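S.K.: the sequence and its predicted three-dimensional model are supplied below.
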Amino acid sequence: MASASALARRSLPAAYWINARARNVVRRPLRVAVVALVVFVVALLTLVALPRQVQRAVAVVAPSPNEWRDTARLIAAAQREQLRLAAAESSLATARAILARPLVQPAIDSLPPEVVARRDSIAMIAVELSRLMTRVEQAPLAASYRALADAPVMRADARVRALVDSLADVERERDAFGAVGGIDPNYVALTSRATTIGRAIEDVAEAKRAELQRQVAVLTPPPPAPVERPVIDTMARIARRDSLERVLTARLRGLEDARRNNASVERRAERARELANVKAPPIALLGASVVIALALAFIGALIAEMRRPRVADAREAERATRLRVLATVTEYVPTPERARRRADRELPPLLEPGADGYRFVYLHLSGVMPGSWAVAVAGHDRAIAAVVAANLSALAALDARASVLIDADPEGCAAGVMRIAPGPGVGEITRGELAWTEAPVAQVVGRDRATEIIPAGRQVPAADIVAALNRDLPRLTRRYDTVVVTAGVETLLTAPILPLARVILTARAGTTYLADLARDVAALRAAGAQVVGLVLWDRDEPHVPTREELEAITAARRSGVPAELLIESRVV
């Protein structure tokens, strides 16, 4: 379930998430050390063989003297072509300037001053008359027509005075009809009559303006005769300029190619000089190899951790599974008082009922499940699940409760934790060869306190074990106050889950993947299990003896080997 790790990453600060990944990498120093050793050897061999490769590279990289090209001659040729192109462009610009001169000479006014003054006066009258006519065209109102009739050139005309009088009479009659209100046909007819009179005034003005313009034209001298344009052929100049541009472009391109070639030759020569000067002492090579190896190993492990993150701490596990972490099991250092008791000294090494982590889990279960109760401790790491289950069973016995530890794991890890014979047990009970009352083995967990263990016994299918527990667990809960079952997650998912037992999942910090943990929780819930919480294992992996080692320990015990030596022994 990649979505679970993505959800945990989104819900946690980025700095915290990166720090958690780095802590998980540090928790696995052996893997980092192996990768670092391989990288160290490769880097050291590479750095030792580098000087020989450098000498060969110098011979390959160093340029020959014939590869250098002299650019001074090319620069001089390009400058000559630039001068020739500038001269051609100047000649073409001169010809175009001559051709661009105006063909008509400016007119010379040779009329007498009084004629010129009369012409200008007539021109001004024509301009003023044009302005008034433009006003009439833009606003054809009675006021505009009267202003046009009041022009000096118009007042002297009898037709205009008659038209103005008629316009005034029409306006008086129209004003009389307009005072009545509403739309009167007579008012409309008078308005049309006024417009017709105004158009007549405008026609008179147009005729007078035409007459004035004719008089101005008569008094204006004729234009000068056109000047003959010189004949200059610019095509030859353009062709020469284009030819010189092409030649100059070719010269510049050749110069640029030569410069690029010389720059490449210079870089190769500089590279050859740098390679020739490469010398490193053995201590520097060794130190560089160590640094490179450590850095690459850590970066590689960090990238792998970021691509598929593992559980770093309780907070991250809770975010990924939405379950409470009941306790975190860390390194346990027993108090000196417990070391003086023989019963405590003879406990199996993995049985630590005094550790705070196990106590927290037991107190939580006692609080939420008063009376008789059953719990299943499961995980992919069967050894860790067996250790947690054995300590919970021991704490129940120390709490004066009748407790039993059932090893539903075909591997028989619980028997290894308690250091008892691996059988007969659950396997024989499943096959009907043994009764539940005949299988328990007592294990002392403290002064006058003991818990019973039903080992795994013969290996049988996991589905048969779960079926037998589903059938007989109610009877076992009536006989015992506390029933603790240890099994792998796969075992609990092979058949319908225990209906009367709640499930605790175990996870190991720095080893269990967040996606796998969230997937196991979802699968158990889908199967109907009541997953009450998580137990996070944050210490070295416990060494649980195998069946063969347990048989050897049992045989040694029967031969009279002291119990202290048997308990302190570790078979790696």
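M.R.: Looks like it came in fine.

S.K.: shaky segments in the stretch 251-400 of the chain?
M.R.: Along the stretch 251-400 of the chain, segments meeting pLDDT under 70 span 272-282, 284-285, 336-344.

S.K.: in the sheet, who's paired with residue 441?
M.R.: Beta bridges link residue 441 to residue 453, judged by DSSP bridges.

S.K.: distance of it relative to residue 394?
M.R.: Look at residue 441 and residue 394: by CB to CB, to the nearest Å, they are 14 Å apart. To be clear about C-beta, it is placed using only N, CA and C from the backbone, and glycine gets the same treatment.

S.K.: OK, contacts around residue 535?
M.R.: Shown in contact with residue 535 (CB atoms under 8 Å, 6 or more residues apart in numbering): 325-329, 357, 361, 377, 388, 504-507.

S.K.: with adjacent residues omitted, what lies nearest to it?
M.R.: residue 506 (4.9 Å; CB to CB, 6 or more residues apart in numbering).

S.K.: stretch 439-449 - what's its average pLDDT?
M.R.: Mean pLDDT, stretch 439-449: 83.

S.K.: sorry, back to before: so between residue 441 and residue 394, which is more surrounded?
M.R.: Using other CB atoms under 10 Å, the more surrounded residue of residue 441 and residue 394 is residue 394, with 30 against 18.

S.K.: before we move on, back to that, restricted to helices, list the contacts of residue 535.
M.R.: 357, 361, 388 (DSSP state H).

S.K.: can you pick the most crowded of these?
M.R.: Neighbour-wise, the ones in helices among the contacts of residue 535 (other CB under 10 Å) top out at residue 388, 28 neighbours.

S.K.: check whether it really touches residue 360, as I assumed.
M.R.: No. In this structure, residue 388 is not within contact of residue 360 by CB atoms under 8 Å, at 11.5 Å.

S.K.: mind checking what secondary structure residue 202 has?
M.R.: Three-state assignment for residue 202 (DSSP: H, G, I helix; E, B strand; the rest coil): helix.

S.K.: now it: closest residue in space, sequence neighbours ignored.
M.R.: Closest residue in space to residue 202, ignoring its immediate chain neighbours: residue 136 at 5.6 Å, by CB to CB, 6+ apart.

S.K.: check which element follows the helix or strand harbouring that neighbour along the chain.
M.R.: Residue 136 belongs to helix 113-138 when assigned by DSSP states H and E. Note on helix 113-138: by DSSP H and E, the next helix or strand toward the C-terminus is helix 142-149.

S.K.: helices and strands around that next one, which ones?
M.R.: Packed against helix 142-149 by the contact rule (3 or more CB pairs under 8 Å, 6 or more residues apart in numbering; DSSP states H and E) you find helix 113-138, helix 158-178, helix 185-219.

S.K.: contacts for that helix next, please.
M.R.: 132-133, 135-136, 154-155, 160-161, 163-164, 167, 171, 194, 197-198, 201-202, 205.

S.K.: go again using 7 Å as the cut-off
M.R.: Helix 142-149 is touched from outside by 132-133, 135-136, 154, 160, 164, 167, 171, 194, 198, 201-202, 205, with contacts defined as CB atoms under 7 Å, 6 or more residues apart in numbering.

S.K.: how much space separates the residue nearest to residue 490 when sequence neighbours are not counted from residue 208?
M.R.: Nearest residue to residue 490, sequence neighbours excluded (CB to CB, 6+ apart): residue 462, at 6.8 Å. Separation of residue 462 from residue 208 (CB to CB) stands at 124 Å.

S.K.: the helix or strand hosting residue 523 packs against which elements?
M.R.: Under the criterion of DSSP H and E, residue 523 resides in helix 514-526. On a contact count with 3 or more CB pairs under 7 Å, 6 or more residues apart in numbering; DSSP states H and E, helix 514-526 meets helix 2-11, helix 314-321, helix 489-493, strand 502-508, strand 530-537.

S.K.: how about the ones you listed, which one is nearest residue 521?
M.R.: helix 314-321 (4.6 Å; CB to CB).

S.K.: list the helices and strands the closest one packs on?
M.R.: helix 2-11, strand 325-329, helix 514-526, strand 530-537.

S.K.: next, the contact list for residue 302, please.
M.R.: Residue 302 makes contacts with 21, 22, 25, as judged by CB under 7 Å, 6+ apart.

S.K.: tell me the one of these nearest residue 125?
M.R.: Out of the contacts of residue 302, the member with the shortest distance to residue 125 (by CB to CB) is residue 21, at 99.4 Å.

S.K.: excluding chain neighbours, what is closest to that closest one?
M.R.: residue 305 (4.6 Å).

S.K.: if we go by neighbour counts, what in whichever strand or helix holds that neighbour is buried?
M.R.: Residue 305 belongs to helix 282-307 when elements are defined using DSSP H and E. For helix 282-307, the buried set under the neighbour-count rule, 16 or more other CB atoms under 10 Å, comprises 285-286, 289, 292-294, 296-298, 300-302, 304-306.

S.K.: from the residues you listed, which single one is nearest residue 37?
M.R.: Of the buried residues of helix 282-307, the one sitting nearest to residue 37 (CB to CB) turns out to be residue 293, at 7.2 Å.

S.K.: and the closest one, how far is that from residue 31?
M.R.: 14 Å.

S.K.: likewise for residue 487?
M.R.: Residue 487 is 29 Å from residue 31, by CB to CB.

S.K.: so who does residue 328 touch?
M.R.: 314, 357, 536, 538.

S.K.: could the contacts of residue 535 be laid out in a markdown table, adding distance to residue 514?
M.R.: Formatted as a markdown table, the contacts of residue 535 follow (distance: CB to CB, whole Å):
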| residue | distance to residue 514 |
| --- | --- |
| 325 | 13 |
| 326 | 18 |
| 327 | 19 |
| 328 | 16 |
| 329 | 19 |
| 357 | 21 |
| 361 | 21 |
| 377 | 20 |
| 388 | 20 |
| 504 | 18 |
| 505 | 13 |
| 506 | 15 |
| 507 | 9 |
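
S.K.: who has more neighbours, residue 487 and residue 31?
M.R.: A direct count of neighbours by other CB under 10 Å for residue 487 and residue 31 places residue 487 higher, at 33 against 14.

S.K.: how close does that one get to residue 444?
M.R.: 25 Å.

S.K.: same question for residue 370.
M.R.: According to CB to CB, residue 370 and residue 444 sit 27 Å apart.

S.K.: then residue 488?
M.R.: In terms of CB to CB, residue 488 sits 27 Å off from residue 444.
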